[in-house]
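Colleague: Model the following, please.
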Amino acid sequence: MPETPLILWVRRDLRLSDNPMLSQAAQSGRSVIPVFILDPETEAIGAAAKWRLGLGLAAFAKALEAIGSRLIFRRGEALSVLRGLVKETGAGAVHWARLYDPEAIARDKVVKAALRADGVEAVSHAGHLLFEPMSVQTGQGGYYKVYSPFWRAVKGLDVAAPAPAPKRLAAPTSWPDSAQLDDWQMARAMRRGASVVLPHQGIGEAVAQERLSQFLDGPVERYKEARDFPAQEATSRLSENLTYGEIGPRMVWHGGMRAMQEGRAGAEHFLKELVWREFAYHLIYHTPHIATRNWRAEWDSFAWRDDNEDAERWRRGMTGEPFVDAAMREMYVTGTMHNRARMIAASYLTKHLLTDWRVGQRWFAECLTDWDPAANAMGWQWAAGSGPDAALYFRVFNPETQAEKFDPKAAYRHRFIAELARKPGPEALSYFDAVPRSWGLSAQARYPARMVDLAAGRKRALDAYAARNSDADAT
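Modeller: Numbers count the residues shown, from 1 in each chain. Model (predicted):
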């Protein structure tokens, strides 16, 4: 029924180019009604992610206006809202781009079945990933459980060229009513932290594409060796843009491939890191329990500590371990955290403090503007030792030696820890403006003493690991 409008259900695809769903809609000849729904699943995401999503939506709404369209905002349960829009507009189709976390899959299955039962065309598209999780299989027809063979399986696959942005989207004869994005107050839970974190965000498609271009023009050359040094500007900073779909993964892939063909030394390693994101989604699709339970069932008997006072000091960036605290404070000031720092902070919580990885997972979900459900779950389980491709549990990162290796001049630590710097910079001081006043923290206070002796903490972790093995052998 090409004469009926087509509803585009917008989720994490806030871009015009490299957007298969949008390209097909533009080519259909139908009038197109883009809608974003603030449904219960989206309401439940963390404070920083919800705030950052709101910023991305505002930018995407302006981009749509530039091609003769607009973004309709509705709030409520997704199926109910979509059914209402179909009735209001006479739309004959609803299209969306697939997501792969358990909550999204459950919701989308219900929506697709119900709309089709109503006689409405309901179509889901690829677009959030390079490789659909159900399409990449081992030689035995199963899914991959280890990254290296997954990389070998996909690195030679064809990836379609990114489609250009449509110049126009056909508008309906009349637009349905829309809520006002500002009325939703998506920044409410960020409180005073929003103004601190805002300057560090790269919002929208144009910014994302410029980030990619600048990275491929320079830092990619030294990416493999420099990416682990948090004081260096050595990474693409595209994680937040990929999270909200402000840049398409095919655009990033083809950019990296061109750089590799031009002989840029770090380009292949950059592509491998992009495929880590793919691997995380491959796993959450095939083993959805990774989001909430130990991926390896044998870890269910491990004596993790629940939330505790030590974990609260970790959350506040007051452990007395400068590399760990700098990582946590970076997150409060910028909304993101360097990947090497994430590994150290996660290892310290789960091993030196023997705290359940889910305590950290939940906190990162609350505080990261680049929060990604698959990457966050896999990363925490990798660090804890309970997940796929995990480092053996007895590989306990030492924050002190890691700092000596990857922050040899203490530039990263001084950048974010005011108490350690003779003249603290604005980012170190901004930490105290970002965190809750109830924490009672001050830049003039003395930096705390170390919580746990690192050698003793490592031994405690190894003893707990040995005890788990002994218990398993006894049964």
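Colleague: rest of the way, CA atoms for contacts and neighbours
Modeller: Will do.
Colleague: Centroid-nearest residue for the chain?
Modeller: Centroid-nearest residue in the chain, with Cα atoms, centre = their mean: residue 372, separated by 2.5 Å.
Colleague: ok, now which ones touch that one?
Modeller: 243, 365 (Cα atoms under 8 Å, 6 or more residues apart in numbering).
Colleague: Residue 133 now?
Modeller: Per Cα under 8 Å, 6+ apart, neighbours of residue 133: 281-282, 285-286.
Colleague: export those to JSON lines and tack on neighbour count, distance to residue 123 and pLDDT?
Modeller: Output for these, formatted as JSON lines (neighbours: other Cα atoms under 10 Å; distance: Cα to Cα, whole Å; pLDDT from 0 to 100):
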{"residue": "281", "neighbour count": "26", "distance to residue 123": "21", "pLDDT": "98"}
{"residue": "282", "neighbour count": "27", "distance to residue 123": "21", "pLDDT": "98"}
{"residue": "285", "neighbour count": "21", "distance to residue 123": "19", "pLDDT": "98"}
{"residue": "286", "neighbour count": "18", "distance to residue 123": "21", "pLDDT": "98"}
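Colleague: Can you tell me which of those residues comes closest to residue 453?
Modeller: residue 281 (36.8 Å; Cα to Cα).
Colleague: which stretch of helix or strand covers the closest one?
Modeller: helix 267-286 (DSSP states H and E).
Colleague: Report the next helix or strand after that helix in sequence order.
Modeller: By DSSP H and E, the next helix or strand past helix 267-286 is helix 309-315.
Colleague: List the neighbours of the helix or strand that that next one is followed by that are in contact with it.
Modeller: Per DSSP H and E, the first helix or strand lying C-terminal to helix 309-315 is helix 322-334. Where contact means Cα under 8 Å, 6+ apart, the residues beyond helix 322-334 that reach it are 193, 196-201, 314-319, 336-338, 341-342, 344-345, 348, 367-368, 399-400, 403, 412-417, 427-428, 430-431, 434-435.
Colleague: elements contacting the helix or strand just after helix 322-334?
Modeller: Downstream of helix 322-334, the first helix or strand assigned by DSSP H and E is helix 339-347. Contacts defined by 3 or more Cα pairs under 8 Å, 6 or more residues apart in numbering; DSSP states H and E place helix 339-347 against helix 322-334, helix 373-384.
Colleague: of all those helices, which lies closest to residue 127?
Modeller: Of these, the one closest to residue 127 (Cα to Cα) turns out to be helix 373-384, at 15.9 Å.
Colleague: And the closest one, what's buried?
Modeller: 373-384 (16 or more other Cα atoms under 10 Å).
Colleague: and for the longest strand along the chain, what are the contacting residues?
Modeller: Looking across the chain with DSSP state E, the single longest strand is strand 32-38. Strand 32-38 is contacted by residues 5-11, 25-26, 69-76, 78, 81, 169-172, 175 when judged by Cα under 8 Å, 6+ apart.
Colleague: That strand pairs with which strands, parallel or anti?
Modeller: Paired neighbours of strand 32-38 in the sheet (DSSP bridges): strand 6-10 (parallel), strand 72-75 (parallel).
Colleague: how much distance is there from that strand to the middle of the chain?
Modeller: 22 Å (Cα atoms, centre = their mean, to the nearest Å).
Colleague: related to what we said a few turns ago, going by distance to residue 113, which of the contacts of residue 133 wins?
Modeller: The closest of these, once distances to residue 113 are taken by Cα to Cα, is residue 285, at 19.5 Å.
Colleague: and the closest one, what is it in contact with?
Modeller: So, once contact is read as Cα under 8 Å, 6+ apart, residue 285 ends up touching 100-102, 133.
Colleague: what about 6 Å?
Modeller: If a contact means Cα atoms under 6 Å, 6 or more residues apart in numbering, then residue 285 has residue 100 as its contacts.
Colleague: Count residues in the vicinity of residue 93, would you?
Modeller: Counted by other Cα atoms under 10 Å, the residues lying close to residue 93 total 21.
Colleague: My guess is it contacts residue 6. True?
Modeller: Yes: assessed by Cα atoms under 6 Å, residue 93 is found in contact with residue 6 at 5.0 Å.
Colleague: that older thread, is it possible to export the helices and strands packed on helix 339-347 to TSV including distance to residue 141?
Modeller: Shown next, in TSV, are the helices and strands packed on helix 339-347 (distance: least, Cα to Cα, whole Å):
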stretch	distance to residue 141
helix 322-334	40
helix 373-384	22
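Colleague: What mean pLDDT does stretch 53-65 get?
Modeller: Stretch 53-65 carries an average pLDDT of 98.
Colleague: what do you get for stretch 112-126?
Modeller: pLDDT averaged over stretch 112-126 gives 98.
Colleague: mind checking the end-to-end distance for that stretch?
Modeller: In stretch 112-126, first residue to last residue: 15 Å (Cα to Cα, to the nearest Å).
Colleague: Tell me the buried residues in stretch 432-450?
Modeller: Of all the residues in stretch 432-450, those buried under the rule 16+ other Cα under 10 Å are 432-435, 443, 447.
Colleague: how far is that stretch from where the chain is centred?
Modeller: 27 Å.
Colleague: Check stretch 411-419 too.
Modeller: 25 Å.
Colleague: With stretch 341-352 instead?
Modeller: 18 Å.
Colleague: in what helix or strand does residue 388 lie?
Modeller: Residue 388 belongs to no helix or strand, assigned by DSSP H and E.
Colleague: mind checking how far it is from residue 280?
Modeller: Distance from residue 388 to residue 280, by Cα to Cα: 10 Å.
Colleague: Pull up the overlap in contacts between these two.
Modeller: Joint contacts of residue 388 and residue 280 (Cα under 6 Å, 6+ apart) do not exist.
Colleague: Most tightly packed of the strands paired with strand 32-38?
Modeller: Highest mean neighbour count of these: strand 6-10, a mean of 24 (counted as mean count of other Cα atoms under 10 Å).
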